[in-house]
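Chemist: sequence unknown, structure follows:
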């Protein structure tokens, strides 16, 4: 399982389905947990913990995870809410089929486990027909897009990406996390140089940041599609509590 490929796949589907902030938060919370568990897949997670980790209520989390399942990003089997938590599987490849049972069960109008969806044959037939119709109607538009692409190709080549960086300043776990962020920047066509790599490390290890805080910062920034590292509010609050608990120095004022 490749972390960057999963992230890129999510953003590719996002262009098509425009996932909500809740759906993005739930997916990246699941991805981060899978990473923390050493890419154990599938793994168990309680509804309450996932909702808290995603920053929303349990019903909102359940609605968001259903959408992720419908679009082939995850699979899950609900537990009994007591001893057995929900089992989640991060899918590397999948098909976006809208399960009728998931949609209706949210409204309380359907009971059972059968799932109805368009067959692959019918789906393929409809896709071919629609594609042929739209391609004829949008022929002029496609020609314009091709011309624009050729114009971009004739421009000056972009700044080449560096591939070999020096990571002597950090250990392996920090190197992996930094490389994940670098791959994300490359996917956004943002060149990275050695000085930036060291600056990324200083940002992630600033003040009282733990490795877990750094992971959340990277996941939080990627989840929002940012190319700048932004510390999430949950980490800021934790650091604030730590600073408040530190003993204050007492100075003896001379008389």
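Modeler: In hand now; what should we look at? Fair warning: this is a prediction, and the values are worked out from it, not measured in the lab.

Chemist: What segments of the stretch 51-200 of the chain are strands?
Modeler: For the stretch 51-200 of the chain, the strands defined by DSSP state E, counting those that start in this stretch cover 74-77, 86-90.

Chemist: Partner strands of the last one, with direction?
Modeler: This points to strand 86-90. Take DSSP bridges as the rule and strand 86-90 pairs in its sheet with strand 43-45 (antiparallel), strand 74-77 (antiparallel).

Chemist: deepest of the strands of the stretch 51-200 of the chain, which one?
Modeler: Among the strands of the stretch 51-200 of the chain, strand 86-90 has the highest mean neighbour count (mean count of other CB atoms under 10 Å), at a mean of 18. Where you see a C-beta, it was placed from the backbone N, CA and C, and this is true even at glycine.

Chemist: tell me the domain ranges of this structure?
Modeler: Per automatic domain parsing, the structural domains of the chain span 3-107, 172-243.

Chemist: Can I get the ones you listed in TSV including mean pLDDT and distance to residue 166?
Modeler: TSV is the format used below for these (pLDDT from 0 to 100; distance: least, CB to CB, whole Å):
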stretch	mean pLDDT	distance to residue 166
domain 3-107	82	21
domain 172-243	85	6
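
Chemist: Could you export those domains to TSV, including columns for distance to residue 164?
Modeler: Listed next are those as TSV, based on distance: least, CB to CB, whole Å:
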stretch	distance to residue 164
domain 3-107	18
domain 172-243	9
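
Chemist: about what we covered before: could you export the strands of the stretch 51-200 of the chain to a markdown table, including columns for distance to residue 17?
Modeler: Shown next, in a markdown table, are the strands of the stretch 51-200 of the chain (distance: least, CB to CB, whole Å):
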| stretch | distance to residue 17 |
| --- | --- |
| strand 74-77 | 14 |
| strand 86-90 | 17 |
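
Chemist: Reformat the strands paired with strand 86-90 as TSV; add distance to residue 62.
Modeler: Shown next, in TSV, are these (distance: least, CB to CB, whole Å):
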stretch	distance to residue 62
strand 43-45	12
strand 74-77	10
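
Chemist: For residue 231, which of these is the nearest?
Modeler: Residue 231 sits nearest to strand 43-45 of all those, at 24.0 Å, using CB to CB.

Chemist: and the closest one, which residues are buried?
Modeler: Of the residues in strand 43-45, 43, 45 count as buried by neighbour count, 16 or more other CB atoms under 10 Å.

Chemist: what sits against the nearest residue to residue 58 once chain neighbours are set aside?
Modeler: By the measure of CB to CB, 6 or more residues apart in numbering, the closest residue to residue 58 outside its immediate chain neighbours is residue 51, 4.5 Å from it. Contact partners of residue 51, counting by CB atoms under 8 Å, 6 or more residues apart in numbering, are 57, 58, 60, 61.
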